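Peer 1: show me the folded form of this:
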Amino acid sequence: MLTLRRFCRGALNAIAFLLLASAAGLQSAGRPVIKVQEPDYDFGTIFRGDKAEHTFIVRNAGTDSLRIQNVRSSCGCTVPSIEKRVLGPGETTQLTAIFNSGGYSGSVTKQIYVYSNDMESPVFNLSIHVDVRMDIEVRPPQLYFAGLNEGERVERSILIRNTSDKPIDIKEIASTVSAVKLELAKTRLKPGETVELKLVIEAVKKDMKLTGELTIFNTSQQPQVKVGLYGGMIK
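Peer 2: The predicted structure is shown next:
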């Protein structure tokens, strides 16, 4: 019986030693830990059409190499890029995010996902916030010339509205579609005022190219506002 007790005690001591050795081995192997300085960033207010850029600082706070496998965003309007993909313990790198505000208005939040070999945070989330302001609102933002017949006269309209608290002067409207004639009733808009821009084709021709864009040059914080033009099949 005494021999059996000694054997059990010895076996337990051996198991405890193996567990401690295993834990020490894991500790000595280390692990990567991803940390990001200010992971939620607020751009504040920008104007539609502007691009906003911010650089996040990514750090390996662990004791083994951090490997960045992928970086992606929640939509195509935000493009992330990272300077280094392998960081030793204590090393840092820059992750740059560029947000394109075209097509947005009001409060916008976008996510950026960083995939790494940090087992506790394999997908690290970053976020950007921005308030997109418009001084000029254009409706519709794109104009389509569809279902046209050869020889007919065509007229389309775009409404331009001053959404700011100051008067805006329209200095010029440039078009890459030469077949379209532009008619604007007035060039100065008071706050809240709307003007109609007419787009006229006097006589449709089979070989007309109607795809391009308008650029509205003005005195607001959005000095250039673009409107896409799209042509369809001409019968």
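
Peer 1: and the residue nearest the centre of the chain, how far from I68?
Peer 2: Central residue of the chain (CA atoms, centre = their mean): T78, 2.1 Å from the mean position. Using CB to CB, to the nearest Å, T78 is found at 17 Å from I68. For every residue, glycine as well, the C-beta is placed using N, CA and C.

Peer 1: what does Y41 give?
Peer 2: In this structure, Y41 lies at 19 Å from I68, with CB to CB as the measure.

Peer 1: the two: who's more crowded?
Peer 2: For Y41 against I68, the residue with the higher neighbour count under other CB atoms under 10 Å is I68, and the figures read 23 against 18.

Peer 1: what sits closest to the more buried one if chain neighbours are left out?
Peer 2: Counting by CB to CB, 6 or more residues apart in numbering, the nearest residue to I68 once its immediate chain neighbours are dropped is R85, at 4.3 Å.

Peer 1: give me phi/psi at that neighbour?
Peer 2: Per-residue torsions, R85: phi -110, psi -10 (degrees, to the nearest 10).

Peer 1: so it makes contact with R67?
Peer 2: Yes - judged on CB atoms under 8 Å, R85 makes contact with R67 at a distance of 6.6 Å.

Peer 1: pretty sure T55 sits against T93.
Peer 2: No - counting by CB under 8 Å, T93 is not a contact partner of T55; they are 10.1 Å apart.

Peer 1: between the two, which is the more surrounded one?
Peer 2: When T55 and T93 are compared on other CB under 10 Å, the one with more neighbours turns out to be T93, at 17 against 13.

Peer 1: the more buried one: what's it in contact with?
Peer 2: Remark: with contacts taken as CB atoms under 8 Å, 6 or more residues apart in numbering, T93 is in contact with I57, V58, I68, I82, E83, K84, L87.

Peer 1: name the element it belongs to?
Peer 2: Take DSSP states H and E as the rule and T93 turns out to sit in strand 92-100.

Peer 1: neighbouring strands for that strand, and are they parallel or not?
Peer 2: Each strand that strand 92-100 pairs with, and the sense of that pairing, follows from DSSP bridges: strand 51-60 (antiparallel), strand 78-82 (antiparallel).

Peer 1: which residues touch the residue nearest to the centre of the chain?
Peer 2: For T78, the contacting residues are A97, I98, F99, N100, K110, I112, I128, taking CB under 8 Å, 6+ apart as the criterion.

Peer 1: swap in 7 Å and give it another go.
Peer 2: T78 makes contact with A97, F99, K110, I112, I128, according to CB atoms under 7 Å, 6 or more residues apart in numbering.

Peer 1: what's the closest of those residues to I168?
Peer 2: Closest to I168 out of the contacts of T78 is F99 (25.1 Å), distances taken as CB to CB.

Peer 1: so the closest one sits right up against V130, yeah?
Peer 2: Yes - under the criterion of CB atoms under 7 Å, F99 lies in contact with V130, with a separation of 6.3 Å.

Peer 1: list residues touching both of these two?
Peer 2: Between them, F99 and V130 share the contacting residues A52, judged by CB under 7 Å, 6+ apart.
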